[in-house]
Each structure stands twice: as C-alpha cells, then as structure tokens.
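1. based on what follows, work out the 3D shape:
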Amino acid sequence: MAYSYTEYTAASGNDTNTAYTTPNYLTDRGATDITVTVDVTIKDTATYNLSGTSITFTTGNLPAVGAKIKITRSSSQSSRLNDYSDASLLTADTLDADANQLFFVAQEAFDQAASLSISDATDTAGATNRLSIGAGDDLLIYHNGNDSYIKETNSSGSLIIQGENFFVKNADSQPLVTSGGESVQLAHCPDASTSNQRLETTPSGINVTGTVTPSGGYKSSDGTAGFTGSASASATLTIKDGLIVAVS
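-> Coordinates of the predicted model:
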C-alpha cells in the first residue's frame, strides 16, 4: 500500500464531476506538494481543480479512457514549516504541522524505497545485480556479465523515453539518433570524430543526405510509377509535385 500517491485508470463515462482522491497533504500546500500525471505526463494545474483531497479535471482536459492517472505528494525536504523563537506560544496546530511534515517525508521515502529493489541473486537472464522498479518488476535494469539491459516487463504498458532533447550515441559519444523538438535525425559515424547526418524527418516527409540505394525499388504514392528490384547507377527518377511520375 502506497502512502504518498494514489493511482487510477480513467473509466468510460468519466467527466468533469469524476473525482480522484489525493494523498493527505499539508494544509495550504496542495499547489506546491501535489503533482498530477496522466500517462506519465505532468499536468498543468490549470487542467484540474483541487478541492481538499479531491481532484476533478476541467472541460477539454479529461483523461482518455484507459489513461493511467497518478496523484503524488512531495513534501518539502529543504525548508521547515515553522521557526520557533524563545517565549513564543506553542499551539497544537503548529506542532501538528511540523509532525505531519516529518511524517509525510518519511512516507514518501518509504514509498520510493518500496518501488525499488536490488537483487544479488543470479536470475534467468544471468544478471547478478538487478535494479527492479515498480510492482512486479515492471522495469528492470541489469547487466548479465556481457550485456546491459533496460527491460520493461509490464505487458499492459509501454517503455517510454521522454525528453526535450534526445540523443543515442555510440561508444565514441558521436550521435547516431538525435531529436530536438519536432524532427529526428539519423547519422552515420565512420570514426570516433565524425557524425554525418543522413536522414531527417520534416513536416512533409524526410530529407536524405547522400545516396539512396533501394533493394526493393521505388513506387509513387498512388502506385502507378516506379520500379521493383535494385536501381542501376544510371536510373533516373522523374518527380513532379512530390510524386515519382517516371523511371528511366
């Protein structure tokens, strides 16, 4: 049982009146301590209403049917709620607030630790040290003596790698795959100091730098022009309005 977060799956018929319960949190700190994610995407506070320990989503921001909703509490670990001074009046509310902050931070640490486990026993993949994340070993990170793995085992979910700028690099730190915003670039790295971009996605298709050597041939989008098999060095494509209209 988790103490610092609640999880739900959006059902059919959910609307702006469908309420999702939050974990308990410190008084007047819902805006700073509560985070809502839908399918691992953090939602802006403008997309939902928080009232007490209840959250409802606003019109136009309803989670899709089957979406995974997670409401997480993260209490401040860097600042105290109260700073006592000599001869000050102590009240039950003040002492409760301080005690609850410590209590909530401990719960959050417990939940985070419970979602991680490191196994020293050799498993079927030959891994002698394995980091397990989530219930039922949903995500595994391990090394089996030869290869390193990041493995998602939950058949009902997906492995999502998300970032504003994304790189896949080779052993020489040369980028093979790059994504920054809307486009994706693929590169060829012939040596430790060279990365030659060869393909880039665009809003209308792809841009290719270099030679395209097809093994299956070309076809126009309507299938009326093209060829099958390999192209000879002298093959010429005639393109009109973005379509292959002739091959010679």
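2. show me where the chain has helices.
-> Defined through DSSP state H, the helices belonging to the chain, from first to last, are 30-33, 92-114.
3. domains of this protein?
-> When the chain is parsed with automatic domain parsing, its domains come out as 5-79+88-103, 117-152, 163-210, 214-248.
4. lowest-confidence stretch among those domains?
-> Ranked by mean pLDDT, the domains of the chain bottom out at domain 214-248, which scores a mean of 56.
5. make a markdown table out of the helices of the chain and add mean neighbour count and distance to L199.
-> All C-beta atoms are positioned from the backbone trio N, CA, C, and that covers glycine. Converted to a markdown table, these look like this (neighbours: other C-beta atoms under 10 Å; distance: least, C-beta to C-beta, whole Å):
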| stretch | mean neighbour count | distance to L199 |
| --- | --- | --- |
| helix 30-33 | 14 | 44 |
| helix 92-114 | 14 | 40 |
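6. who touches the residue of the chain positioned farthest from its centre in this structure?
-> Note on the chain: the largest separation between a C-alpha and the mean C-alpha position, by C-alpha atoms, centre = their mean, falls on A87 (50.6 Å). Taking C-beta atoms under 8 Å, 6 or more residues apart in numbering as the contact definition, A87 lies against nothing.
7. likewise T32?
-> Taking C-beta under 8 Å, 6+ apart as the definition of contact, the neighbours of T32 are S76.
8. hmm, back to that, what's the spacing between the residue farthest from the centre of the chain and R80?
-> When C-beta to C-beta, to the nearest Å is applied, the distance between A87 and R80 equals 19 Å.
9. what of I55?
-> I55 is 27 Å from R80, where distance means C-beta to C-beta.
10. out of these two, which sits in the more crowded spot?
-> Under the criterion of other C-beta atoms under 10 Å, the comparison of I55 against R80 puts I55 first, with 22 against 11.
11. burial check on the nearest residue to the more buried one once chain neighbours are set aside, number of neighbours?
-> When the adjacent residues along the chain are set aside, I55 lies closest to Y20, with 4.8 Å between them (C-beta to C-beta, 6 or more residues apart in numbering). Burial of Y20, expressed as a neighbour count using other C-beta under 10 Å, amounts to 20.
12. could you do T194 as well?
-> Other residues lying near T194 total 11 when counted by other C-beta under 10 Å.
13. next one: L95 from R29, what distance?
-> When L95 is compared with R29 (using C-beta to C-beta), they lie 17 Å apart.
14. likewise for Y142?
-> Taking C-beta to C-beta as the measure, Y142 and R29 are separated by 38 Å.
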